[in-house]
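Enquirer: Structure here, sequence nowhere to be found:
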């Protein structure tokens, strides 16, 4: 067994494993639709390299070469569509068929040209180079790019250059072999397959890291969400609120950013109505009244919280009053009135989320002491909350 043939078997095994891993990821996380396309892509790559092994036996060399070439084209097309799904970039559904058809026609036209003809070798690599650039363009068109995304851009750029350089590499190393069965014994075959194996491994590893990070992000997000309302859970809200308040504290020397915390307790007319409270509708109503950059969480069975950046105390109060009136008008039934008790506090210099929460709870308690269906503002931090009257 030649070195190139051994590498072919290794690549087939790696591609098969990667295809199964991506398939498993797609089954585990159905929302990760790109994983299914990546699975198909590496399955196609496995077929292509398996064809290279078959070609060394001399079995139907013409059809086998077509399978090798078109399976590799299919791999790059499937990768491009998988990336388009992941990066939310439009890619025309018929484009893949058009590319496949054009590639099949090209390979059929050059099939009978001499194997060592330079023009044939160059034309053979053009579809792969162009498809690499197609994947690059998909990532380039995405709105936000992180470090891993930029790594993929460079990887696909290198892949395009890699394919265009192959005919020159073959010329420099003594050719691709006079016959298909003799290809695996050439120096070019060893170099080409080894570099291909490394690039495929990098591509598979990077793709897996990219899609796994998406799934992990969804799992974290799901853990931070309240199933009934779709809002942040108490833990999720607290985590994000602490981060925002800490970031503001660290940036205080350069700029001041208003930040308010609004705590809401939804009440029914009687305890027997508690289970019938329209919590999902309440969550939607809050979403209609707050800005897009506000954090909204469900803190307990009937308690909600809003952390609003770039909002001062008076602006938060206007929003709270509008929300209180809207809840009474839209969520109440004739025999089941719904009222809100609302407490609001504004972040002061040097405060973290725990300080905001303590004064916000005091304001909410004051609203409930007043009989509910009202809004109360928190005392200043200089006011000693420990001296508040009890009872």
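Expert: Yep, it's here. Keep in mind that what you see is a predicted model, and the values were worked out from it rather than measured. Numbering: from 1, shown residues only.
Enquirer: where in the stretch 101-250 of the chain is pLDDT low?
Expert: 177-184, 221 (pLDDT under 70).
Enquirer: how about 50 then?
Expert: Along the stretch 101-250 of the chain, segments meeting pLDDT under 50 are nowhere present.
Enquirer: Tell me where the stretch 101-250 of the chain has helices.
Expert: 118-140, 147-173, 187-223, 234-250 (DSSP state H, counting those that start in this stretch).
Enquirer: now those helices in a markdown table, with distance to residue 307 and mean neighbour count?
Expert: Where C-beta positions appear, they are placed from N, C-alpha and C, glycine not excepted. Shown next, in a markdown table, are the helices of the stretch 101-250 of the chain (distance: least, C-beta to C-beta, whole Å; neighbours: other C-beta atoms under 10 Å):
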| stretch | distance to residue 307 | mean neighbour count |
| --- | --- | --- |
| helix 118-140 | 34 | 19 |
| helix 147-173 | 29 | 16 |
| helix 187-223 | 17 | 16 |
| helix 234-250 | 5 | 16 |
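Enquirer: Between those helices, which one is closest to residue 336.
Expert: helix 234-250 (26.1 Å; C-beta to C-beta).
Enquirer: What lies in contact with that closest one?
Expert: Residues from elsewhere that reach helix 234-250 (C-beta atoms under 8 Å, 6 or more residues apart in numbering): 223-225, 231-232, 257, 259, 261, 295-300, 305, 307, 309, 347, 350-354, 356.
Enquirer: one step back: Throw the helices of the stretch 101-250 of the chain into TSV and include distance to residue 110, thanks.
Expert: Putting those into TSV (distance: least, C-beta to C-beta, whole Å) gives the following:
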stretch	distance to residue 110
helix 118-140	5
helix 147-173	12
helix 187-223	18
helix 234-250	58
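Enquirer: so which of those gets nearest residue 45?
Expert: Closest approach to residue 45 among the helices of the stretch 101-250 of the chain is made by helix 187-223 (6.6 Å; C-beta to C-beta).
Enquirer: name the helices or strands packed onto the closest one?
Expert: With contacts taken as 3 or more C-beta pairs under 8 Å, 6 or more residues apart in numbering; DSSP states H and E, helix 187-223 sits against helix 3-28, helix 33-55, helix 61-87, helix 147-173.
Enquirer: Serialize these to CSV and add fields for distance to residue 121.
Expert: Below are these laid out as CSV (distance: least, C-beta to C-beta, whole Å):
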stretch, distance to residue 121
helix 3-28, 17
helix 33-55, 15
helix 61-87, 12
helix 147-173, 4
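Enquirer: Looking at those helices, which is nearest to residue 328?
Expert: helix 33-55 (42.9 Å).
Enquirer: Please identify the buried residues of stretch 22-39?
Expert: 22, 23, 25, 26, 29, 32, 34, 35, 36, 37, 38, 39 (16 or more other C-beta atoms under 10 Å).
Enquirer: for stretch 59-71, that is, sorry about that
Expert: Using 16+ other C-beta under 10 Å as the test for burial, stretch 59-71 gives 61, 64, 65, 66, 67, 68, 69, 70, 71.
Enquirer: pLDDT and distance to residue 97 added to the residues you listed, as CSV?
Expert: Formatted as CSV, those follow (pLDDT from 0 to 100; distance: C-beta to C-beta, whole Å):
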residue, pLDDT, distance to residue 97
61, 79, 27
64, 89, 23
65, 86, 21
66, 91, 17
67, 93, 18
68, 91, 20
69, 91, 16
70, 94, 12
71, 95, 16
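Enquirer: wait, residue 206 sits on residue 152?
Expert: Yes: here residue 206 reaches residue 152: they are 6.1 Å apart, a contact under C-beta atoms under 8 Å.
Enquirer: How far away from the center of its chain is stretch 363-382?
Expert: Relative to its chain's centre, stretch 363-382 lies at 41 Å (C-alpha atoms, centre = their mean, to the nearest Å).
Enquirer: can you list the domain ranges for this structure.
Expert: Domains of the chain are assigned by automatic domain parsing as 3-223, 234-387.
Enquirer: Could you pull out the helices in the stretch 251-391 of the chain for me?
Expert: 279-289, 313-331, 353-369.
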